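Engineer: how does the following fold in three dimensions:
(2 chains)
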Amino acid sequence: EPEVTQTPSHQVTQMGQEVILRCVPISNHLYFYWYRQILGQKVEFLVSFYNNEISEKSEIFDDQFSVERPDGSNFTLKIRSTKLEDSAMYFCASCPSAGRMNTEAFFGQGTRLTVV
Amino acid sequence: AQTVTQSQPEMSVQEAETVTLSCTYDTSESDYYLFWYKQPPSRQMILVIRQEAYKQQNATENRFSVNFQKAAKSFSLKISDSQLGDAAMYFCAFGGGADGLTFGKGTHLIIQP
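Structural biologist: Numbers count the residues shown, from 1 in each chain, chains lettered A, B, ... in the order given. All right, here's what the predicted structure looks like:
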(Lines give C-alpha, C1' and ligand atoms only; values in the text may rest on other atoms or scores of the structure.)
Protein backbone atom coordinates (compact mmCIF):
# COMPACT_ATOMS: atom_id res chain seq x y z
CA GLU A 1 0.00 0.00 0.00
CA PRO A 2 1.44 3.41 -0.92
CA GLU A 3 2.47 5.58 1.98
CA VAL A 4 3.90 8.97 2.83
CA THR A 5 7.51 8.69 3.97
CA GLN A 6 9.30 11.19 6.19
CA THR A 7 12.96 11.48 7.04
CA PRO A 8 14.58 11.67 9.46
CA SER A 9 12.40 10.13 12.14
CA HIS A 10 14.18 12.18 14.81
CA GLN A 11 16.32 15.28 14.42
CA VAL A 12 18.17 17.08 17.18
CA THR A 13 19.48 20.54 16.38
CA GLN A 14 20.98 23.48 18.20
CA MET A 15 18.99 26.65 18.57
CA GLY A 16 19.64 29.01 15.67
CA GLN A 17 20.53 26.26 13.23
CA GLU A 18 18.68 25.54 10.01
CA VAL A 19 16.86 22.24 9.59
CA ILE A 20 15.25 20.61 6.59
CA LEU A 21 12.56 18.01 7.10
CA ARG A 22 11.92 15.75 4.15
CA CYS A 23 8.82 14.03 2.89
CA VAL A 24 8.02 11.80 -0.06
CA PRO A 25 4.27 12.04 -0.68
CA ILE A 26 2.25 9.36 -2.41
CA SER A 27 3.18 9.57 -6.07
CA ASN A 28 -0.13 10.46 -7.72
CA HIS A 29 -1.25 12.88 -5.02
CA LEU A 30 -1.68 16.55 -5.82
CA TYR A 31 -1.92 18.39 -2.49
CA PHE A 32 0.76 18.38 0.17
CA TYR A 33 0.68 19.60 3.73
CA TRP A 34 2.81 20.14 6.79
CA TYR A 35 1.34 19.93 10.27
CA ARG A 36 2.93 20.39 13.66
CA GLN A 37 2.16 18.79 17.00
CA ILE A 38 3.82 20.16 20.10
CA LEU A 39 4.09 17.44 22.74
CA GLY A 40 0.79 16.94 24.52
CA GLN A 41 -1.10 19.33 22.27
CA LYS A 42 -3.28 19.05 19.21
CA VAL A 43 -2.13 18.79 15.63
CA GLU A 44 -1.93 22.19 13.94
CA PHE A 45 -1.97 23.04 10.27
CA LEU A 46 1.12 24.85 8.97
CA VAL A 47 0.92 25.02 5.20
CA SER A 48 -0.62 23.48 2.09
CA PHE A 49 1.08 23.23 -1.28
CA TYR A 50 -0.42 22.67 -4.71
CA ASN A 51 0.89 23.06 -8.23
CA ASN A 52 4.33 24.00 -6.96
CA GLU A 53 3.23 26.88 -4.80
CA ILE A 54 1.81 27.54 -1.36
CA SER A 55 -1.99 27.43 -1.33
CA GLU A 56 -2.65 28.36 2.25
CA LYS A 57 -0.62 28.92 5.37
CA SER A 58 -1.42 29.41 9.01
CA GLU A 59 -0.25 32.13 11.38
CA ILE A 60 2.37 29.71 12.67
CA PHE A 61 4.02 29.57 9.25
CA ASP A 62 6.05 32.76 9.51
CA ASP A 63 9.10 33.93 7.59
CA GLN A 64 11.40 31.40 9.20
CA PHE A 65 9.52 28.57 7.49
CA SER A 66 9.62 27.66 3.82
CA VAL A 67 8.53 24.73 1.71
CA GLU A 68 9.51 23.48 -1.66
CA ARG A 69 9.26 20.50 -3.96
CA PRO A 70 12.74 20.54 -5.48
CA ASP A 71 12.62 17.47 -7.70
CA GLY A 72 8.99 16.54 -8.25
CA SER A 73 8.98 13.84 -5.60
CA ASN A 74 10.40 15.24 -2.36
CA PHE A 75 8.49 17.85 -0.38
CA THR A 76 10.58 19.70 2.18
CA LEU A 77 9.97 21.97 5.14
CA LYS A 78 12.86 24.27 6.05
CA ILE A 79 13.15 26.10 9.34
CA ARG A 80 15.82 28.77 8.91
CA SER A 81 16.79 29.60 12.47
CA THR A 82 15.30 27.15 14.92
CA LYS A 83 13.96 28.23 18.29
CA LEU A 84 13.31 26.11 21.37
CA GLU A 85 9.58 26.39 20.76
CA ASP A 86 9.96 24.75 17.35
CA SER A 87 10.47 21.44 19.14
CA ALA A 88 7.56 19.32 18.03
CA MET A 89 6.46 16.43 15.88
CA TYR A 90 6.16 17.52 12.26
CA PHE A 91 3.80 15.59 10.01
CA CYS A 92 3.72 15.63 6.26
CA ALA A 93 0.47 14.67 4.55
CA SER A 94 -0.69 14.29 0.98
CA CYS A 95 -4.11 14.23 -0.60
CA PRO A 96 -5.20 12.82 -3.94
CA SER A 97 -8.08 15.08 -4.79
CA ALA A 98 -7.88 17.78 -7.36
CA GLY A 99 -11.24 19.22 -6.49
CA ARG A 100 -11.22 19.25 -2.73
CA MET A 101 -8.20 19.79 -0.59
CA ASN A 102 -9.32 17.96 2.49
CA THR A 103 -11.10 14.84 1.39
CA GLU A 104 -8.61 12.34 2.72
CA ALA A 105 -5.15 13.26 3.89
CA PHE A 106 -2.60 10.46 4.26
CA PHE A 107 -0.07 11.21 6.96
CA GLY A 108 3.57 10.25 7.21
CA GLN A 109 4.98 8.79 10.38
CA GLY A 110 6.31 12.17 11.49
CA THR A 111 9.66 13.72 12.27
CA ARG A 112 10.37 14.49 15.90
CA LEU A 113 12.35 17.74 16.00
CA THR A 114 14.19 18.57 19.21
CA VAL A 115 15.82 21.99 19.49
CA VAL A 116 18.40 22.28 22.26
CA ALA B 1 -12.92 29.45 10.82
CA GLN B 2 -13.79 26.00 12.05
CA THR B 3 -13.49 24.72 15.58
CA VAL B 4 -13.45 21.13 16.78
CA THR B 5 -14.14 20.25 20.40
CA GLN B 6 -13.41 16.98 22.12
CA SER B 7 -14.73 17.30 25.64
CA GLN B 8 -13.28 14.06 27.01
CA PRO B 9 -9.53 14.34 27.69
CA GLU B 10 -9.46 10.70 28.75
CA MET B 11 -11.74 7.67 28.54
CA SER B 12 -11.33 4.21 29.96
CA VAL B 13 -13.08 1.01 28.88
CA GLN B 14 -12.85 -2.67 29.68
CA GLU B 15 -11.53 -4.94 26.97
CA ALA B 16 -14.36 -6.28 24.77
CA GLU B 17 -16.72 -3.50 25.86
CA THR B 18 -18.01 -0.61 23.76
CA VAL B 19 -16.90 2.98 24.14
CA THR B 20 -18.05 6.21 22.52
CA LEU B 21 -15.81 9.22 22.01
CA SER B 22 -17.53 12.54 21.49
CA CYS B 23 -16.72 15.34 19.10
CA THR B 24 -18.56 18.51 18.22
CA TYR B 25 -17.61 21.09 15.66
CA ASP B 26 -18.63 24.48 14.45
CA THR B 27 -18.62 25.63 10.86
CA SER B 28 -20.59 27.76 8.45
CA GLU B 29 -19.82 25.44 5.56
CA SER B 30 -22.38 22.99 4.23
CA ASP B 31 -20.04 20.63 2.40
CA TYR B 32 -17.20 19.11 4.37
CA TYR B 33 -15.63 15.93 5.67
CA LEU B 34 -15.08 14.68 9.19
CA PHE B 35 -12.41 12.28 10.30
CA TRP B 36 -11.25 10.28 13.27
CA TYR B 37 -7.51 9.71 13.50
CA LYS B 38 -5.76 7.35 15.90
CA GLN B 39 -2.35 8.24 17.29
CA PRO B 40 -0.65 5.35 19.12
CA PRO B 41 2.49 5.89 21.25
CA SER B 42 4.56 5.82 18.05
CA ARG B 43 2.79 9.16 17.31
CA GLN B 44 1.93 8.22 13.74
CA MET B 45 -1.45 9.56 12.60
CA ILE B 46 -3.65 6.73 11.35
CA LEU B 47 -6.98 7.37 9.68
CA VAL B 48 -9.71 5.37 11.42
CA ILE B 49 -12.84 6.51 9.64
CA ARG B 50 -14.23 9.40 7.65
CA GLN B 51 -17.68 10.82 7.00
CA GLU B 52 -18.83 12.99 4.13
CA ALA B 53 -21.27 15.63 5.35
CA TYR B 54 -23.62 15.21 2.42
CA LYS B 55 -24.14 11.53 3.23
CA GLN B 56 -26.81 10.81 5.80
CA GLN B 57 -25.69 7.25 6.36
CA ASN B 58 -23.22 6.86 9.19
CA ALA B 59 -19.82 5.52 8.18
CA THR B 60 -18.69 2.13 9.46
CA GLU B 61 -15.31 0.42 9.36
CA ASN B 62 -15.36 -3.00 11.05
CA ARG B 63 -15.56 -2.33 14.82
CA PHE B 64 -15.56 1.44 14.32
CA SER B 65 -18.67 3.44 13.53
CA VAL B 66 -19.74 7.03 13.80
CA ASN B 67 -22.91 8.80 14.86
CA PHE B 68 -23.04 11.85 12.62
CA GLN B 69 -25.66 14.44 13.55
CA LYS B 70 -25.26 17.26 11.06
CA ALA B 71 -27.84 19.59 12.54
CA ALA B 72 -26.30 19.23 15.98
CA LYS B 73 -22.76 19.37 14.52
CA SER B 74 -21.88 16.23 16.38
CA PHE B 75 -19.60 13.41 15.23
CA SER B 76 -19.00 10.68 17.80
CA LEU B 77 -16.92 7.55 17.35
CA LYS B 78 -18.09 4.21 18.68
CA ILE B 79 -15.59 1.42 19.16
CA SER B 80 -17.18 -1.98 19.66
CA ASP B 81 -15.46 -5.00 21.19
CA SER B 82 -12.54 -2.85 22.38
CA GLN B 83 -9.12 -4.42 22.05
CA LEU B 84 -5.84 -3.65 23.79
CA GLY B 85 -4.46 -2.39 20.47
CA ASP B 86 -7.13 0.31 20.39
CA ALA B 87 -5.37 2.16 23.20
CA ALA B 88 -4.21 5.48 21.76
CA MET B 89 -5.00 9.16 21.41
CA TYR B 90 -7.98 9.73 19.16
CA PHE B 91 -8.34 12.98 17.27
CA CYS B 92 -11.46 14.25 15.61
CA ALA B 93 -10.76 16.43 12.56
CA PHE B 94 -12.73 18.68 10.24
CA GLY B 95 -11.88 19.09 6.58
CA GLY B 96 -13.58 21.56 4.32
CA GLY B 97 -11.94 24.90 4.59
CA ALA B 98 -8.93 25.98 2.62
CA ASP B 99 -6.53 25.83 5.54
CA GLY B 100 -6.02 22.11 5.97
CA LEU B 101 -7.59 19.89 8.58
CA THR B 102 -8.70 21.33 11.90
CA PHE B 103 -8.10 18.94 14.78
CA GLY B 104 -9.60 18.65 18.23
CA LYS B 105 -7.40 18.33 21.30
CA GLY B 106 -7.78 14.59 21.41
CA THR B 107 -9.10 11.91 23.74
CA HIS B 108 -6.75 9.49 25.41
CA LEU B 109 -8.37 6.04 25.30
CA ILE B 110 -7.28 3.51 27.89
CA ILE B 111 -8.23 -0.15 27.51
CA GLN B 112 -8.43 -2.08 30.78
CA PRO B 113 -7.58 -5.79 30.39
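Engineer: who's in contact with the strand or helix carrying residue A:36?
Structural biologist: If you go by DSSP states H and E, residue A:36 is part of strand A:31-37. For strand A:31-37, the external contacting residues (C-beta atoms under 8 Å, 6 or more residues apart in numbering or on different chains) are A:21, A:23, A:25, A:43-50, A:55, A:60, A:67, A:69, A:75, A:77, A:88-97, A:101, A:105, A:107, A:110, B:43, B:100-101. Heads up, the C-betas are built off the backbone N, CA and C, glycines and all.
Engineer: quick check: residues of chain A near chain B?
Structural biologist: A:33, A:35, A:37, A:41-48, A:55-58, A:89, A:91, A:93, A:100-110, A:112 (C-beta under 8 Å from any C-beta of the partner chain).
Engineer: list only buried entries from those residues.
Structural biologist: Burial by neighbour count, 16 or more other C-beta atoms under 10 Å in any protein chain shown: within these this picks out A:33, A:35, A:37, A:42-48, A:55-58, A:89, A:91, A:93, A:101-110, A:112.
Engineer: quick one: which of those sit in strands?
Structural biologist: A:33, A:35, A:37, A:43-48, A:55-57, A:89, A:91, A:93, A:106-107, A:112 (DSSP state E).
Engineer: any idea how far the residue nearest the centre of chain B lies from residue B:104?
Structural biologist: When C-alpha atoms, centre = their mean is applied to chain B, the residue found nearest the centroid is residue B:36 (3.4 Å). Using C-beta to C-beta, to the nearest Å, residue B:36 is found at 10 Å from residue B:104.
Engineer: now do the shared contacts for those two.
Structural biologist: With C-beta under 8 Å, 6+ apart, residue B:36 and residue B:104 have common neighbours B:23, B:91-93.
Engineer: is residue B:56 in a helix, a strand, or coil?
Structural biologist: coil (DSSP: H, G, I helix; E, B strand; the rest coil).
Engineer: quick one: low-confidence parts of the chain?
Structural biologist: You didn't pick a chain, so chain A it is. Along chain A, segments meeting pLDDT under 70 span A:98-103.
Engineer: you answered for a different chain; I wanted chain B.
Structural biologist: Low-confidence segments of chain B (pLDDT under 70): B:97-99.
Engineer: quick one, helices of it?
Structural biologist: Taking DSSP state H, chain B contains no helices at all.
Engineer: what about the residue in chain B positioned nearest to chain A, how many neighbours?
Structural biologist: As assessed by C-beta to the nearest C-beta, chain A sits closest to residue B:95 within chain B, at 2.9 Å. Counted by other C-beta atoms under 10 Å in any protein chain shown, the residues lying close to residue B:95 total 22.
Engineer: no more questions from me, cheers.
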